[in-house]
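Engineer: Please find the sequence and the predicted model below.
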Amino acid sequence: MNPGEKAGLVLLAGNSHPELTKQISEKLCERVGISNVYHKSNRETVVDIQESVRGKDVYIIQTGTKNVNNDIMELLIMSYACKTSSCRKIIGVVPYLPYCKQSKMRKRGAIACKLLAQMFKNAGITNLITIDLHQKEIQGFFDMPVDNLRASPFLIEYIMKMIPDYRNAIIVARNANSVKRATSYAERLRLGIAVVHGEERIPDSDLDDGRHSPPPQEEEEENRLSRGIEIMPMLTPKAKPPMNVVGDVAGKIAIMVDDMIDDVEAFVATAELLKSRGAYKIYVMATHGLLSSDAPRLLEASPIDEVVVSNTVPHDIQKMQCHKIKTVDISVLLVEAIRRTHNNESMSYLFKYITSED
């Protein structure tokens, strides 16, 4: 290839989201390359790329679903197959990055997202296109360019077009971690904000396992007397008040915003609290609709009127189980990101009017 000459583009896809792959292919006016990705009887993943990728830029579309480990192995093996077939670049198009919630050290655990980033690099991926990482700092785990796109413009457009009298709405942060995101939505919609503060159900994984517990008071007193030195005072446990709403939601449309909705118990509990405070309609907006376990059943029986998510993750089965789930198509965002990446154009247009809080 001559210097400055643009490489050819090859679009490949795993088995995670065929519908999204089809939408991207049609809007990009590029056919999906021929490849076989299947599992043998012993559950090993086998990949067979059936066309030449030599000297070309390969874009592999693969998102995270309930079969998350299969999705990852398919992406890694496809990437490595293209790498060993002498392609020029491998760009992973991963709308929902698996393991992005495991981005912090918890007790004796591991930062699994960092491990995943290293696996991507070793498999040959040179660029990553994703949407709404759980924590923006995750980009620092990758030794490659990462384009963390935002789905908020599509969700805001849905609010303005599909929610009657949205001017009478208030954006609700479900917890302190969601305040920045809620503020970003509220500023662009010219709406007020409310924050839910207080104790939520504690996951079993976060319960104290004794690792950080202080010694019993009797043992501490004995140690202090035997050593004849002063030690730190007894630590008092942190206690949160009961759940409460900071802000007036009475007679308003409450719109909860978050990056993903997976286990819905906390959302349902917040919706019940908002309903008791006088909110007459309740919406949930999230980029990634994982909706695991019995989420559709819980949502159907909850005070939530609508759950609006993008199509970064397939959720057709959940939509059949719960009529409240609505989908916003973000395929055009990924198409434009692929086009700009391939043509070496600036990505700044895709972040126009996106605040640092979003």
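Structural biologist: All right, it came through fine.
Engineer: Could you check how far stretch 330-341 is from the centre of its chain?
Structural biologist: The gap between where stretch 330-341 is centred and where its chain is centred comes out at 18 Å by CA atoms, centre = their mean, to the nearest Å.
Engineer: Give me the contact list for it.
Structural biologist: Residues from elsewhere that reach stretch 330-341 (CB atoms under 8 Å, 6 or more residues apart in numbering): 20, 23-24, 27-28, 59, 61, 91, 93, 95, 127, 129, 131, 147, 149, 151, 154, 310-312, 345-347, 349-350. Just so you know, the C-beta spots here come from the backbone N, C-alpha and C atoms, and that holds for glycine as well.
Engineer: Among those, which are located in helices?
Structural biologist: Taking DSSP state H as the definition of helices, the contacts of stretch 330-341 contribute 20, 23-24, 27-28, 154.
Engineer: Identify the farthest-apart pair in these.
Structural biologist: The span of those, defined through CB to CB, is set by Leu28 and Phe154 at 17.9 Å.
Engineer: More neighbours: which of those two?
Structural biologist: In terms of neighbours (other CB atoms under 10 Å), Leu28 is the more surrounded of Leu28 and Phe154; the figures are 20 against 17.
Engineer: While we're on that one, how confident is the model there?
Structural biologist: For Leu28, the model assigns a pLDDT of 96.
Engineer: my read: it touches Leu11, true?
Structural biologist: Yes - in this structure, Leu28 is within contact of Leu11 by CB atoms under 8 Å, at 7.1 Å.
Engineer: Now stretch 43-61: buried residues?
Structural biologist: With burial defined by 16 or more other CB atoms under 10 Å, the residues of stretch 43-61 counted as buried are 45, 47, 49, 53, 56-61.
Engineer: just checking, which of these belong to strands?
Structural biologist: Secondary structure assignment by DSSP state E places 45, 47, 49, 57-61 of the buried residues of stretch 43-61 in strands.
Engineer: Please dump these into CSV; it should also carry pLDDT and distance to Val249 for every row.
Structural biologist: Conversion of those to CSV gives the following (pLDDT from 0 to 100; distance: CB to CB, whole Å):
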residue, pLDDT, distance to Val249
Thr45, 96, 48
Val47, 96, 51
Ile49, 96, 54
Asp57, 97, 49
Val58, 98, 49
Tyr59, 98, 44
Ile60, 98, 44
Ile61, 98, 40
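Engineer: and the residues you listed, which two are the farthest apart?
Structural biologist: Looking across those, with CB to CB as the criterion, the two at the greatest separation are Thr45 and Asp57, at 23.5 Å.
Engineer: what sits against the closest residue to Ser302 other than its chain neighbours?
Structural biologist: The spatial neighbour of Ser302 that comes closest, neighbours along the chain excluded (CB to CB, 6 or more residues apart in numbering), is Val268 at 4.4 Å. Each residue near Val268 by CB under 8 Å, 6+ apart is listed here: 298-299, 302-304.
Engineer: what's the answer for Leu274, then?
Structural biologist: With contact taken as CB under 8 Å, 6+ apart, Leu274 is in contact with 172, 196, 245, 249, 254, 282, 303.
Engineer: any idea how far Cys113 is from the fourth one?
Structural biologist: Distance from Val249 to Cys113, counting by CB to CB, to the nearest Å: 35 Å.
Engineer: cool, and the third one?
Structural biologist: As defined by CB to CB, Val245 lies at a distance of 32 Å from Cys113.
Engineer: which one of the buried residues of stretch 43-61 is nearest Asn15?
Structural biologist: Asn15 has its nearest neighbour among the buried residues of stretch 43-61 in Thr45, at 9.7 Å by CB to CB.
Engineer: picking that back up, which SS class is the residue nearest to Ser302?
Structural biologist: Classification of Val268 into helix, strand or coil gives helix, according to DSSP: H, G, I helix; E, B strand; the rest coil.
Engineer: At which residues are the helices of this protein located?
Structural biologist: Taking DSSP H as the criterion, the chain carries its helices at 18-28, 68-83, 112-123, 152-162, 179-189, 217-227, 265-276, 295-300, 316-321, 331-342.
Engineer: what packs against the third one?
Structural biologist: If you count contacts as 3 or more CB pairs under 8 Å, 6 or more residues apart in numbering; DSSP states H and E, helix 112-123 packs onto helix 68-83.
Engineer: any idea how the chain splits into domains?
Structural biologist: 9-149+332-348, 153-199+241-328 (automatic domain parsing).
Engineer: Can you lay out those domains as JSON lines showing distance to Thr355?
Structural biologist: Shown next, in JSON lines, are the domains of the chain (distance: least, CB to CB, whole Å):
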{"stretch": "domain 9-149+332-348", "distance to Thr355": "12"}
{"stretch": "domain 153-199+241-328", "distance to Thr355": "5"}
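Engineer: Of those, which is nearest Asp358?
Structural biologist: Comparing these against Asp358 with CB to CB, the closest turns out to be domain 153-199+241-328 (4.1 Å).
Engineer: I'd like the distance from that closest one to the chain centre, please.
Structural biologist: Put simply, domain 153-199+241-328 sits 15 Å off its chain's centre (CA atoms, centre = their mean).
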